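**Q** heads up, no residue letters with this:
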Ligand SMILES: Nc1ncnc2c1ncn2[C@@H]1O[C@H](COP(=O)(O)OP(=O)(O)O)[C@@H](O)[C@H]1O
Ligand SMILES: [Mg+2]
């Protein structure tokens, strides 16, 4: 199985994402923002960072990268895509996911180990979790407050498209404690927390709960 | 505006040059004239004034700093010593680490966010210029009193600047310090450390050999940032200068720096770089003179080719500009195309601005006229050297007189008072603004005693290795004020101990020496004593100084800061999976105190908090005991004897116990080994650590201690939800936590 | 040379924590007369040549696609004369 | 109700990395006519009552001490009528 890991100028977590993909037993395929080429991957990981320095708005400039011109139609056609942190922001800017991520209510960048509840285990990236399972993942962002208009929010809730919710305290003021959402088909998932930093005992957050994302997508691809 | 060319200088030999305004002394100016055999041009004066400034030439400190070399212990680990951009240490399995700490104190007072941010940017470029990939940063900070108004302006800005710049670069922040003391109110200290990793055989040096090779300036365009900063801002007192003539502040662009990092690494990998130098305080002046001086000896530069952000800049200003995110490389003509292609891939502007020559001269032209023609070594290496007079401060003996302070009866209240104090309370308000996970190699970070990183890098040619490195920085201005010789040694001892408690073997040292004005003989005495102390202790502990930085003029009027030597220690752990986590890690472990406690409260946190008193003598330095303790800790870690550890420092055993409980919310019940509970709990004697071990491993630990003559006291066991000291106190962990965490948020929101 | 100014503000229904933090800080600093504060962005675009219908149309396009995220922000643009 | 607008821009000599990043992105998006971009902040202060000399003076004071960092930024303020 080949999982593409995208690097934009200013992407930071690409190495970690690739490592997590490899640890799960898949091949990590580097994808370069300036190429019009998805290299035939089976799924795509949009990692975190400060693409284009997060200038203007997080993800606003990356969204127009040549690679995105390939990725957007592919995602709409069902290619599994996971965006974490800056990757989530890019997915929203690209309108693959609704709503937007805005400045944390506390106005500070916040790095901490955060409780999260899996609210939907039917997406491409969450199949190996239990519905309602509580997991621990690191968050590290300054602009993670999810907002959307009332109608969008209601639709997300109604359709079960809120995939993750913060537990034990909302770190950034996100509406409805939203930590992550998916598109209608469930192949595109975006979340602020970082699964790739919770896959090893020795390093990262004090949990290996992030592994579930990678086992989920592998399982999905193998059985597909 | 007429161009001051060499030709013009010859025609107008007596023209008055503004050397004094540029911070140059009359005799220094005369020396420049002697070297050149004529008056300097404006551009030449710009170069000499920045290169001979305190900041760049170390003219007041040089004679003392030499001890770091002359007293250096023999070390097989040292690959590159002092004098390069950063020292390089062999860490085994073909890998090397390079690390350095540097100050950005004055700019951080003027504009806290940008000052601190560009401090991080600068030290990261130093590490890059050695050929390394930067892998982590640390920050050692000092502010005025927590209750002083200006602290609310300076601290949030500084933290945000470090956070934004470091986070954007994707460098985990793995440790540091935050200290409050009124002595820093007008002179906050912002010391940033960066560590990098490289293959042992891929070290790059700042040198420009090979006539015909091209000189490339790459990175950001040059603007009017911090013009005059190097000499005016960094080497004169702030009060008089900066208010009157505030230099343009340097603004950082971490995104450009991130691109520069990736670009440089790809350039190194493609092997298209002959020599490289970062552009720091003295910008183009420094890079050209130093590269030329260390190379074949000559360089010809066309300054018109420097890409400008502000097209109105004059050549003198281009030479002095401190615009950030720039590097200079020397590249063979054959490799130029490949070099440029890599820069383009990363969107990094790059321009050939000159060529290496064998003329022995650094020449620069502007509009076709020669405006600089100097022997580069005279600017880079032959700056003035001062033997500044020094003597013990008039009040030193009085300061060292022991004063009996009333000791408390209620030790529970004392512990809570200390735990919630400005300096001992939780640093989380600060550290939660730093990304400690990025790059995926962080094994330990705050609140551990030292940061620990795994060395498995996705760098090309990397063999898998089980190794890790540990880093800690420490400094205690109060100790150093009482006795700068001992204070510097205690800073080293604490950083060394912090590295050892993780299981790593200390290998090498970097330092940042923050002092008042060197023109004050009493400050100069503090400086001389601190350097002598640090050099002696490095020798005894067997850890060489690989580099560092001196920051003088940290004073407002006649009031200097406490002398504040900050010491960083780097250690290696062979199998990083054997690192020892911080604090109590499980219930039913034996709690063991290593090391002896004496009645030592001079300069202590308790005297500061309870009595606002500073006097007497700091704790005794016991380097042999430190070394033995480190041997025990690293050997025990290797053998898998330790379940957790924590060093004893400010606030003594009581604070260490509380922090060990807070690490994972696991309590402990202990009894005290000595007669005097207050001394046992709060003394700050050096060479001590707290560890926890499984009961069946205690005997092996005790034997190891006995063999190394390290005193070892079983205090009790872990478990429960309180910290209990038999017959003295019992405090629920929830109370400890609340007290510990409330302090900084109460002030900063 | 024409200068087009694009002002981008969060939509009124979106929480503006930066503006609120400022509003909260004002009374503490002794400024009591401000009822509300909102913080947004201001962009200055330099366009060569005079400001024509076309340049304005292009600027509007830029604002729409890049400078503002219309999911959460409103924008408004005008020409600045003196530039 | 008066609305005072405070525009805060980096001083011309100060590096504006945000503006530059936007300017570099524009040609890639097919917008070729923009020579330069600078990004700054816009604050909207709501003041009760009409805009008098005093409210304006107060707004200026606020801009100076809080909204702008005059070490690196310039500011400019005006009253918006329609509010
Ligand atoms: N400015 C800072 N940046 C990053 N980490 C910090 C900073 N200040 C403190 N820390 C971390 O917080 C923890 C507690 O700090 P401190 O109490 O000073 O430790 P110690 O007493 O062991 O030197 C340590 O892990 C330290 O590295
Ligand atoms: Mg410690």
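**A** Received, thanks. Fair warning: this is a prediction, and the values are worked out from it, not measured in the lab. Numbers count the residues shown, from 1 in each chain, chains lettered A, B, ... in the order given. Ligands and ions are numbered 1, 2, ... in the order given.
**Q** residues contacting the nearest residue to residue B:725 once chain neighbours are set aside?
**A** Leaving aside its sequence neighbours, residue B:725 sits nearest to residue B:670 (C-beta to C-beta, 6 or more residues apart in numbering or on different chains; 5.7 Å). In short, each C-beta sits where N, CA and C put it, glycine included. Contact partners of residue B:670, counting by C-beta atoms under 8 Å, 6 or more residues apart in numbering or on different chains, are B:591, B:657, B:715-716, B:724-726.
**Q** same for whichever helix in chain B runs longest, what does it pack against?
**A** The residue-count maximum for a helix in chain B (DSSP state H) belongs to helix B:521-541. Here helix B:521-541 touches helix B:62-70, helix B:477-482, helix B:484-500, strand B:505-514, strand B:545-551, strand B:564-573, helix B:623-638, going by 3 or more C-beta pairs under 8 Å, 6 or more residues apart in numbering or on different chains; DSSP states H and E.
**Q** using a markdown table, lay out those together with mean pLDDT, mean neighbour count and distance to ligand 2.
**A** Formatted as a markdown table, the helices and strands packed on helix B:521-541 follow (pLDDT from 0 to 100; neighbours: other C-beta atoms under 10 Å in any protein chain shown; distance: least, C-beta to the ion, whole Å):
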| stretch | mean pLDDT | mean neighbour count | distance to ligand 2 |
| --- | --- | --- | --- |
| helix B:62-70 | 95 | 16 | 24 |
| helix B:477-482 | 98 | 26 | 15 |
| helix B:484-500 | 98 | 29 | 5 |
| strand B:505-514 | 98 | 27 | 14 |
| strand B:545-551 | 95 | 25 | 21 |
| strand B:564-573 | 98 | 30 | 12 |
| helix B:623-638 | 98 | 21 | 13 |
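**Q** turn those into a markdown table, including distance to chain C.
**A** As requested, these are arranged in a markdown table below (distance: least, C-beta to the nearest C-beta, whole Å):
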| stretch | distance to chain C |
| --- | --- |
| helix B:62-70 | 45 |
| helix B:477-482 | 31 |
| helix B:484-500 | 36 |
| strand B:505-514 | 32 |
| strand B:545-551 | 32 |
| strand B:564-573 | 32 |
| helix B:623-638 | 45 |
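**Q** near chain A, which residues of chain C? Just list them.
**A** Neighbours of chain A within chain C, by C-beta under 8 Å from any C-beta of the partner chain: C:10, C:13-15, C:17-18, C:21, C:66-67, C:69, C:71-72.
**Q** and the longest helix belonging to chain C, which residues are buried?
**A** When chain C is parsed with DSSP H, its longest helix is helix C:17-28. Applying a neighbour-count criterion of 16 or more other C-beta atoms under 10 Å in any protein chain shown, one finds C:17-20, C:22-23, C:26 buried in helix C:17-28.
**Q** where does the chain dip in pLDDT?
**A** Answering for chain A, as no chain was given. Nowhere does chain A drop to pLDDT under 70.
**Q** wrong one, I was asking about chain C
**A** C:81-83.
**Q** all helices of chain C, in order?
**A** C:17-28, C:53-62.
**Q** could you say which helix or strand contains residue B:8?
**A** Following DSSP states H and E, one finds residue B:8 within helix B:6-11.
**Q** residues contacting that helix, please?
**A** B:2, B:15, B:38-41, B:44, B:369-373.
**Q** ok, back up a step: now the helices of chain C in CSV, with distance to residue B:364?
**A** Shown next, in CSV, are the helices of chain C (distance: least, C-beta to C-beta, whole Å):
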stretch, distance to residue B:364
helix C:17-28, 46
helix C:53-62, 41
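**Q** I'd say residue B:700 and residue B:641 touch.
**A** Yes. Contact criterion C-beta atoms under 8 Å: residue B:700 and residue B:641 qualify, at 5.8 Å.
**Q** who has more neighbours, these two?
**A** Neighbours were counted for residue B:700 and for residue B:641 using other C-beta atoms under 10 Å in any protein chain shown; residue B:641 has more, 19 against 14.
**Q** so where does the more buried one fall, helix or strand?
**A** Per DSSP H and E, there is no helix or strand for residue B:641.
**Q** next: the one 5 residues further on.
**A** Residue B:646 is located in strand B:644-647, with elements delineated by DSSP H and E.
**Q** how about the residues of chain A by chain C?
**A** A:56-57, A:60-61, A:64, A:92-93, A:98-100, A:102-107, A:145, A:147-149, A:173.
**Q** now do 6 Å
**A** A:57, A:100, A:103, A:105, A:107, A:147 (C-beta under 6 Å from any C-beta of the partner chain).
**Q** buried set for the longest helix seen in chain A?
**A** Criterion DSSP H: the longest helix present in chain A is helix A:211-223. Going by neighbour count (16+ other C-beta under 10 Å), the buried part of helix A:211-223 is A:211-218, A:220-221.
**Q** got those as TSV, with distance to residue A:201 columns?
**A** Shown next, in TSV, are the buried residues of helix A:211-223 (distance: C-beta to C-beta, whole Å):
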residue	distance to residue A:201
A:211	11
A:212	15
A:213	17
A:214	16
A:215	16
A:216	20
A:217	22
A:218	20
A:220	25
A:221	26
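**Q** look up how far residue A:85 lies from whichever residue of chain A sits closest to chain B.
**A** Nearest residue of chain A to chain B: residue A:53, at 2.8 Å (C-beta to the nearest C-beta). According to C-beta to C-beta, to the nearest Å, residue A:53 and residue A:85 sit 15 Å apart.
**Q** more neighbours: which of the two?
**A** Legend: neighbour count by other C-beta under 10 Å for residue A:53 and residue A:85, higher for residue A:85 (29 against 24).
**Q** ok, that one - contacts?
**A** A:48, A:141, A:192 (C-beta atoms under 6 Å, 6 or more residues apart in numbering or on different chains).
**Q** please name the nearest non-neighbouring residue to the last one.
**A** The shortest distance from residue A:192 to any residue other than its chain neighbours is 4.1 Å, reached at residue A:144 (C-beta to C-beta, 6+ apart).
**Q** over to the first one?
**A** On the basis of C-beta to C-beta, 6+ apart, the spatially nearest residue to residue A:48 that is not a chain neighbour turns out to be residue A:85, at 3.2 Å.
**Q** from chain D, how far out is the one you found?
**A** 19 Å (C-beta to the nearest C-beta, to the nearest Å).
**Q** over to residue B:268?
**A** Taken as C-beta to the nearest C-beta, the span from residue B:268 to chain D is 25 Å.
**Q** give me the residue from the stretch 451-600 of chain B nearest chain C.
**A** Taking C-beta to the nearest C-beta, the stretch 451-600 of chain B has residue B:556 as its residue nearest chain C, at 24.7 Å.
**Q** and that residue, what are its bridge partners?
**A** On the basis of DSSP bridges, residue B:556 is bridged to residue B:559.
**Q** out of the buried residues of helix A:211-223, which is nearest to chain C?
**A** residue A:213 (26.1 Å).
**Q** ok so, going back, wait, a helix at the residue of chain A closest to chain B?
**A** Yes. Residue A:53 sits within a helix when classified using DSSP: H, G, I helix; E, B strand; the rest coil.
**Q** residues in contact with it?
**A** A:10, B:255, D:21.
**Q** the closest residue to it other than its chain neighbours: which element?
**A** By the measure of C-beta to C-beta, 6+ apart, the closest residue to residue A:53 outside its immediate chain neighbours is residue B:255, 2.8 Å from it. Residue B:255 is located in helix B:254-269, with elements delineated by DSSP H and E.
**Q** just the buried residues of that helix, please?
**A** Here helix B:254-269 shows B:254-265, B:267-268 as buried, counting by 16+ other C-beta under 10 Å.
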